[in-house]
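S.K.: Coordinates for the following, if possible.
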Amino acid sequence: SDLSQQEITDKYGEDAGESGGFFDSDTGDIVINKEVAADMELVTVSSHELFHGILKTEMAKNPELGKEFADNFKKVLSKTELDIVNERLEAVDDKGNRIYSEEYLENNPDEILTQFSGAILAGEIKFSETLFDKIRKIVTPILKKSGFPKIEFNNAQETYDFIKDYTKFVKQNTLEGDAD
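M.R.: Numbers count the residues shown, from 1 in each chain. Now for the predicted structure:
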């Protein structure tokens, strides 16, 4: 939405007016405060939800970007990490039916990020400076294009924390049964 900083403050309150943007869980909209976002330089824990929403939305809006992201993401994973993620993406229910169809995965390219994040939370994938530095280089350009030209992750650990929190964001903002 193209609201000014004052309009955002008037509509959503003082904290919203001072933030770079936020995810409106009532409407599912991402509200970007362009005046503040233009100067934001670091992804902080308090901005995780916003950037999770931006990643999910940008990939949904732009299927080519989503596919490119998923392809690039797979390329930076080791064989072991990729096997863990693929096992999750190809999981079957108790009747032997795939939980995520190929069509669903094509339409939701960020699912790879959700499953990767889930694997971190489950302790199946551990922090690695090299890996998360590569992931940082894939994620940051998407955030820059979406109205945060100066945004950066400080280091690989911050990227790890951001990705780890991604599953929580998706679960909080997805209705049950959406994966069908």
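S.K.: Any stretches of this structure with poor pLDDT?
M.R.: Applying pLDDT under 70 to the chain picks out residues 1, 25, 44-46, 174-180.
S.K.: Which residue of it lies farthest from its centroid?
M.R.: K95 (30.5 Å; Cα atoms, centre = their mean).
S.K.: Tell me, how many residues neighbour S101?
M.R.: Residues lying near S101 (other Cβ atoms under 10 Å) number 12. Any C-beta I mention is one placed from the backbone N, CA and C, and that applies to glycine too.
S.K.: Same check on Y100?
M.R.: Y100: 18 surrounding residues under other Cβ under 10 Å.
S.K.: That one in helix, strand or coil?
M.R.: Classification of Y100 by DSSP: H, G, I helix; E, B strand; the rest coil places it in coil.
S.K.: what residues are up against the most centrally placed residue in the chain?
M.R.: When Cα atoms, centre = their mean is applied to the chain, the residue found nearest the centroid is H52 (3.5 Å). By Cβ atoms under 8 Å, 6 or more residues apart in numbering, the residues touching H52 are 23, 162, 165-166, 169-170.
S.K.: Sketch out the strands for this structure, chain order is fine.
M.R.: Ranges of strands in the chain, per DSSP state E, are 21-24, 29-32.
S.K.: Now render these as CSV, adding mean neighbour count and distance to N107.
M.R.: CSV is the format used below for the strands of the chain (neighbours: other Cβ atoms under 10 Å; distance: least, Cβ to Cβ, whole Å):
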stretch, mean neighbour count, distance to N107
strand 21-24, 20, 20
strand 29-32, 19, 19
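S.K.: Redo those strands as TSV? Include distance to I125.
M.R.: Shown next, in TSV, are those (distance: least, Cβ to Cβ, whole Å):
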stretch	distance to I125
strand 21-24	25
strand 29-32	27
